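A.B. asks: no letters, just coordinates:
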């Protein structure tokens, strides 16, 4: 199937051709026909599946075909609500690309920057608004935004809205929307509160589900290193010496942790920058632009700040800290190995994170190969998929990797010289207390 088979209008096909897109992804193939019929849609899809184009393209076509005949300033006819500034900017850029041959105006609004330019764009009149919840409610409260003429509403990354505590803000926005509208709801996962929210927004929706969150791409080579926490920074510096890693996105659970990793890498002579909620918008965009262009090889990010990062042919994802929510692992490593390209995912697991790793392996249904022949790796440690005859407060002592011997790639193609020094460690690892990541 090609985009020409989806009954798209010529201006959009021309724009897609200019972008080099000819074949729609599975979610685009399924969603676009429903949306062109103006049906509500429930889409279960994670980052990297092409869902932005799945909703942006039909919205552009419907707005173009149903032009308003009234004169005067344009009213907002489509609202796309998304949790982070980075993702909002990316969506707005996609709309600009797909709608380049159409007379439709759009803008993006988000917090952390002056509202002056955003207000001016709104006053000039726009058709499509991309927004984060906080700034949207702020400008609505100031009287700069009126949603009475809204025809299309998209709630993107609904599960992340829940994680970030935005559900109440989302409900406030929904209360201001016209009853007669087309609604699109996208989420990578469907916890009960998110499912309940979907029921309040959608009217007899079509459902599209692509790439369940429990799957990881076959094109991603996954490995785990068991390592003492103090040795994580040494291990990171060492693996980043490998020339095959052309670009690396390194994840931490906290903003504080991200800044520490940047500091450690710079001391080792490796240029790196961090993006997280405490960084100014200009600093975040500058770092992201450098990373996308290839000028910056290593980017450190928290999970929330990383939403919306889409880098062509990202070489490697490194979980410097294991996420305490297993689905987050799938989101993280899904940023590499895209579009048929091969990718790598490395995870550094210390003793407090083994319970998190077990949950991840249970979710994805397989054991992640262990690299134990590295100088800073602990040999003779593994985390089985299940914990037979053990309480939740204990983890296995020592074990072997899935095949009973060290496996996985060796950094720099060399055998490790320090693995044996860790072989006699025979500790039992307790399960850490679960917390939401402080981002």
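C.D. replies: Nice, thanks for sending it over. Small disclaimer: the values here were computed from a predicted structure and weren't measured.
A.B. asks: can you read off the backbone torsions of the spatially closest residue to residue 169 that is not a sequence neighbour?
C.D. replies: The shortest distance from residue 169 to any non-neighbouring residue, by Cβ to Cβ, 6 or more residues apart in numbering, is to residue 133 (3.9 Å). C-beta here means a position set from N, CA and C on the backbone, and glycine is covered the same way. Main-chain dihedrals, residue 133, degrees, to the nearest 10: phi -60, psi -40.
A.B. asks: pLDDT score for residue 133?
C.D. replies: On pLDDT, residue 133 comes in at 95.
A.B. asks: also residue 86?
C.D. replies: Looking at residue 86, the pLDDT reads 79.
A.B. asks: tell me which element it is part of?
C.D. replies: Residue 86 belongs to helix 85-98 when elements are defined using DSSP states H and E.
A.B. asks: what separates that helix from the chain centre, distance-wise?
C.D. replies: Taking the mean of its C-alpha atoms, helix 85-98 sits 14 Å from the chain's own mean (Cα atoms, centre = their mean, to the nearest Å).
A.B. asks: show me which residues of it are buried.
C.D. replies: Of the residues in helix 85-98, 85, 86, 87, 88, 89, 90, 91, 92, 94, 95, 98 count as buried by neighbour count, 16 or more other Cβ atoms under 10 Å.
A.B. asks: same check on stretch 16-28?
C.D. replies: Those would be 16, 21, 24, 25, 26, 27, 28, for stretch 16-28 by 16+ other Cβ under 10 Å.
A.B. asks: can you get me the start-to-end distance on it?
C.D. replies: 13 Å (Cα to Cα, to the nearest Å).
A.B. asks: what lies in contact with it?
C.D. replies: Defining contact as Cβ atoms under 8 Å, 6 or more residues apart in numbering, one finds that stretch 16-28 is touched by 1-3, 6, 8, 32, 43, 45, 49-51, 53-54, 57, 97-98, 100, 208, 210-211.
A.B. asks: in helices, which of those fall?
C.D. replies: Among those, the members falling in helices are 32, 51, 53, 54, 57, 97, 98 (criterion: DSSP state H).
A.B. asks: quick one: the strands in this protein, in order.
C.D. replies: 41-44, 78-81, 106-109, 128-131, 152-155, 182-187, 206-209, 220-226, 248-251, 272-275, 298-301, 316-319, 343-349 (DSSP state E).
A.B. asks: so what strands line up beside the third one?
C.D. replies: Think strand 106-109. Within its sheet, strand 106-109 is paired with strand 128-131 (parallel), according to DSSP bridges.
A.B. asks: do the fifth one as well
C.D. replies: If you go by DSSP bridges, strand 152-155 pairs up with strand 78-81 (parallel), strand 182-187 (parallel).
A.B. asks: circling back to that earlier point, which among the ones in helices among the contacts of stretch 16-28 gets closest to residue 138?
C.D. replies: residue 51 (26.8 Å; Cβ to Cβ).
A.B. asks: how close does that closest one sit to residue 10?
C.D. replies: 24 Å (Cβ to Cβ, to the nearest Å).
A.B. asks: between the two, which is the more surrounded one?
C.D. replies: residue 51 (25 against 9; other Cβ atoms under 10 Å).
A.B. asks: tell me the contacts of the more buried one?
C.D. replies: Neighbouring residues of residue 51 by Cβ under 8 Å, 6+ apart: 27, 31, 43, 45, 156, 186.
A.B. asks: contacting residues for the closest residue to residue 252 other than its chain neighbours?
C.D. replies: When the adjacent residues along the chain are set aside, residue 252 lies closest to residue 258, with 4.6 Å between them (Cβ to Cβ, 6+ apart). Each residue near residue 258 by Cβ under 8 Å, 6+ apart is listed here: 252, 274, 275, 276, 300, 301, 302.
A.B. asks: mind doing that once more with 10 Å?
C.D. replies: When contacts are counted by Cβ atoms under 10 Å, 6 or more residues apart in numbering, residue 258 touches 250-252, 272-276, 278-279, 299-302, 305, 320-321, 439.
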